[in-house]
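J.: Predicted model and sequence below, questions to follow.
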Amino acid sequence: MNYKLNRIIPNIALTVLLSISVIVFLLFYLGGDVDSSEALLPDLSQPIYTDLLMRYMYVLFVIAFVAAITSAVLTFSTKLSANPKSAIVAFIGVGSLALLMILTYVLGDATPMNIIGFDGEQTAFDLKISDMSLYSIYILFGIVLIVSGLSFLSKRFS
């Protein structure tokens, strides 16, 4: 019974998220554009459902963040009771990610940007968080490329 639930619940969640994603995608790309008289930048195409897409991305980000933290805590607690050495390895992975985030936040630039048509407030925190996200993505993507290449080479030549 428990095995069936472990297979059914993720499939239902995947189906729901995929359905919502398709609906938001279709609304964004086929829902039309803002009237040029009301547009912030009349020369550019501005889809009506941009705000919906952005909010949906925020929701997906929060869901992914909560799932990642919950998974890390559950994995750590489960492994701690079964095999403390493997729990420390899991903790090192989460700690390394936290260290990466702290370092890339410190490296972030808080200089306000001159964005045409944007009159909103640019706080130092928001600017540093944006840089932290970008730098972290670049570094993690580089690590993925290196590890993938090394994995390929080790399988190819062994």
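T.: That came in fine, so what should we check first?
J.: Low-confidence ranges, this structure, go.
T.: Scanning the chain for pLDDT under 70 picks out the ranges 1-3, 39-42.
J.: So which residue is dead centre in it?
T.: residue 61 (5.2 Å; C-alpha atoms, centre = their mean).
J.: Just the element for that residue, please.
T.: helix 50-82 (DSSP states H and E).
J.: what comes up buried for that helix?
T.: Neighbour counts over helix 50-82 (16 or more other C-beta atoms under 10 Å) mark 53, 56, 75, 76, 79 as buried. Backbone N, C-alpha and C define where each C-beta goes, glycine included.
J.: cool, stretch 106-125 as well?
T.: Buried, per 16+ other C-beta under 10 Å, within stretch 106-125: residue 108.
J.: Just the C-alphas of it, formatted as PDB.
T.: Provided in PDB are the C-alpha atoms of stretch 106-125 (Å, rounded to 0.1, in the frame of the first residue of the first chain):
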ATOM      1  CA  VAL A 106      29.100  38.600  -0.900                       C
ATOM      2  CA  LEU A 107      30.500  38.800  -4.500                       C
ATOM      3  CA  GLY A 108      27.200  40.400  -5.700                       C
ATOM      4  CA  ASP A 109      27.200  44.100  -6.800                       C
ATOM      5  CA  ALA A 110      24.800  46.500  -5.200                       C
ATOM      6  CA  THR A 111      25.200  49.300  -7.800                       C
ATOM      7  CA  PRO A 112      21.800  50.300  -9.100                       C
ATOM      8  CA  MET A 113      21.200  49.700 -12.800                       C
ATOM      9  CA  ASN A 114      19.900  52.200 -15.300                       C
ATOM     10  CA  ILE A 115      17.000  50.300 -16.900                       C
ATOM     11  CA  ILE A 116      15.000  52.100 -19.600                       C
ATOM     12  CA  GLY A 117      11.300  52.400 -18.600                       C
ATOM     13  CA  PHE A 118      11.800  51.100 -15.000                       C
ATOM     14  CA  ASP A 119      11.100  53.600 -12.300                       C
ATOM     15  CA  GLY A 120      10.900  51.100  -9.400                       C
ATOM     16  CA  GLU A 121      13.100  50.900  -6.400                       C
ATOM     17  CA  GLN A 122      16.300  49.000  -6.600                       C
ATOM     18  CA  THR A 123      17.500  48.000  -3.100                       C
ATOM     19  CA  ALA A 124      21.000  46.800  -2.500                       C
ATOM     20  CA  PHE A 125      19.600  43.500  -1.100                       C
END
